[in-house]
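>>> need coordinates for the following:
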Amino acid sequence: MENIGIGASVPGRYWHGLADGRLQCDLCPRECRLHEGQRGLCFVRAREGDQIVLTTYGRSSGFCLDPIEKKPLNHFLPGTSVLSFGTAGCNLTCKFCQNWDISKARADDQLQQHASPEAIAQAAVESGAPSVAFTYNDPVIFLEYAVDVAAACREAGVKTVAVTAGYISEAARPEFFAAMDAANIDLKGFTENFYRKLCTGSLDAVLDTLRYVKHETKTWLEITTLLIPGENDSSQEVGALSEWVMEALGPDVPLHFTAFHPDWKMGDKPPTPPSTLTRAQAIARSAGLRYVYTGNVYDEAGQSTYCAACGERLIGRDGYTITDWRLDVGGRCGSCGAPCPGLFDALPGGWGARRAPILISAA
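Below is the predicted model of the structure:
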């Protein structure tokens, strides 16, 4: 934490006062305790007088139409576009961060666009995007803004997606995930040592979030694990992770193993070989998981969706482009009629791999 000037802000909802005069932020497991003029580790939640505030409400690093599969979500409106945006800051310190220019930014470094929740919802409608994603940095830290955007989206008939590390307190989970139609949660590794050494976080807190989302909400859940050579890619760790997902969450939660590329403070690490992802996929499937995917590499077979009952290819994917569709209305296999879990339209979207930045009025 550091002493800084604070600009425009809105009151935060999760904090309490301490006997020593400090205020404790209760949004995430860090429980930052702040004197006047200090910000938490996330940098965007600060003490201002006798309250903790969010300093990035209504401010974004930019808006872009992405493929929904890029989040990644493979069982949520496949082939459609998603209006994506983030703010600044993060409540983890992952040395391997792939979006470090945004997540490690100071509040004013990257926030060039201003937009109200209603303007974002309207932009999604006008662009034809059926959903809005809170992504690029973790939406947990801008909860008040994300929840208000989600409410405006629901009013406009637009769904919302959280791309998050799941590092959120028990108190804040209900409000945050009640606002989300879908979530992709990063399960970054499967040891406390990995989280402590590379993220300065806690594995148990994330596992608690995963259990909560799966069993206590209606939010569609998918999981991503970035496999880093020599850090979390051993067969033993992948096996333990896969078995936990199977036992704690069930066989139908999609699990994405994605390839690391050297970035941020781990530029000395080699990229993840495709063979590592294929091995991880096989291990997870042998643990009983039905929908396991590879990512950040070219692998049409590993990124396609197959019927868990008869093996028919239900959704073919070439990168972010849908190449095959054999789902009937209601998300059932066109060959055997077995259901495929998720949210599916009668036909896939045709957005493809495009990425289209857009400007949104601040009104």
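
>>> ramachandran angles for the residue nearest the centre of the chain?
Central residue of the chain (CA atoms, centre = their mean): residue 163, 1.5 Å from the mean position. Backbone torsions for residue 163, taken as degrees, to the nearest 10, come to phi -110, psi 110.

>>> settle this for me: it is touching residue 137, isn't it.
No: using CB atoms under 8 Å, residue 163 is not in contact with residue 137; the gap is 9.3 Å. Just so you know, the C-beta spots here come from the backbone N, C-alpha and C atoms, and that holds for glycine as well.

>>> longest single strand anywhere in the chain?
strand 220-227 (DSSP state E).

>>> mean confidence for that strand?
Strand 220-227 carries an average pLDDT of 98.

>>> bridging residues for the residue nearest to the centre of the chain?
Here residue 163 sits in beta bridges with residue 184, going by DSSP bridges.

>>> model confidence for it, exactly?
98.

>>> hey, C-alpha coordinates of stretch 122-138 in PDB?
Below are the C-alpha coordinates for stretch 122-138, written out as PDB (Å, rounded to 0.1, in the frame of the first residue of the first chain):
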ATOM      1  CA  GLN A 122     -26.800  -0.100 -25.400                       C
ATOM      2  CA  ALA A 123     -23.500  -0.500 -27.300                       C
ATOM      3  CA  ALA A 124     -23.800  -4.300 -27.000                       C
ATOM      4  CA  VAL A 125     -27.400  -4.200 -28.400                       C
ATOM      5  CA  GLU A 126     -26.300  -1.900 -31.300                       C
ATOM      6  CA  SER A 127     -23.300  -4.000 -32.100                       C
ATOM      7  CA  GLY A 128     -25.300  -7.300 -32.100                       C
ATOM      8  CA  ALA A 129     -23.300  -8.800 -29.200                       C
ATOM      9  CA  PRO A 130     -25.500 -11.000 -27.100                       C
ATOM     10  CA  SER A 131     -23.100 -10.700 -24.100                       C
ATOM     11  CA  VAL A 132     -20.700  -8.300 -22.300                       C
ATOM     12  CA  ALA A 133     -17.500  -9.600 -20.700                       C
ATOM     13  CA  PHE A 134     -15.600  -8.200 -17.800                       C
ATOM     14  CA  THR A 135     -12.100  -9.200 -18.700                       C
ATOM     15  CA  TYR A 136      -8.500  -8.200 -19.400                       C
ATOM     16  CA  ASN A 137      -8.100  -7.400 -15.700                       C
ATOM     17  CA  ASP A 138     -10.100  -9.000 -12.800                       C
END
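
>>> give the buried residues for stretch 334-341.
340, 341 (16 or more other CB atoms under 10 Å).

>>> which residues does that stretch contact?
75, 252, 291, 305, 307-310, 312, 314, 326-328, 330-333 (CB atoms under 8 Å, 6 or more residues apart in numbering).

>>> what's the answer for stretch 309-324, then?
By CB under 8 Å, 6+ apart, the residues outside stretch 309-324 that reach it are 67, 69-70, 74, 78-79, 298, 300, 303-307, 325-327, 333-336, 338, 340, 348-350, 352-353.

>>> tell me how far the ends of stretch 240-260 are from each other?
Using CA to CA, to the nearest Å, the end-to-end distance of stretch 240-260 comes to 20 Å.

>>> which parts of the protein are helices?
With DSSP state H as the criterion, the chain has helices at 100-103, 117-127, 143-155, 173-178, 192-194, 203-216, 235-248, 274-286, 300-303.

>>> closest one to residue 22 among the ones you listed?
helix 143-155 (20.9 Å; CB to CB).

>>> pull out the buried positions in that closest one.
So, applying 16+ other CB under 10 Å, buried residues of helix 143-155: 143, 144, 145, 146, 147, 148, 149, 150, 152, 153.

>>> what angle separates that helix from helix 117-127?
Here the directions of helix 143-155 and helix 117-127 differ by 40 degrees (axes from the mean of the first three to the mean of the last three CA atoms, to 10 degrees).

>>> tell me the mean pLDDT for helix 143-155?
98.

>>> which among the contacts of stretch 334-341 end up buried?
The buried subset of those (16+ other CB under 10 Å) comprises 75, 252, 291, 305, 307-308, 312, 314, 326-327, 331-333.

>>> from these, which two are the most distant?
Using CB to CB, the buried ones among the contacts of stretch 334-341 span at most 18.3 Å, a distance reached by 252 and 326.

>>> neighbours around the spatially closest residue to residue 46 that is not a sequence neighbour, how many?
Leaving out its chain neighbours, the residue that sits closest to residue 46 by CB to CB, 6 or more residues apart in numbering is residue 39, at 4.2 Å. When neighbours are counted by other CB atoms under 10 Å, residue 39 registers 25.

>>> these two touch, right, residue 207 and residue 247?
No: if you go by CB under 8 Å, residue 207 and residue 247 don't touch, sitting 11.4 Å apart.

>>> so which of those two has more stuff around it?
Between residue 207 and residue 247, residue 207 has the larger neighbour count (other CB under 10 Å), namely 17 against 11.

>>> now the more buried one: how far from residue 167?
Distance, residue 207 to residue 167, using CB to CB, to the nearest Å: 11 Å.

>>> tell me how this protein divides into domains.
According to automatic domain parsing, the chain is divided into the following domains: 10-54, 63-358.

>>> chain center to the shortest one: distance?
Okay, so that is domain 10-54. Taking CA atoms, centre = their mean, to the nearest Å, the mean C-alpha location of domain 10-54 is offset from the chain mean by 24 Å.
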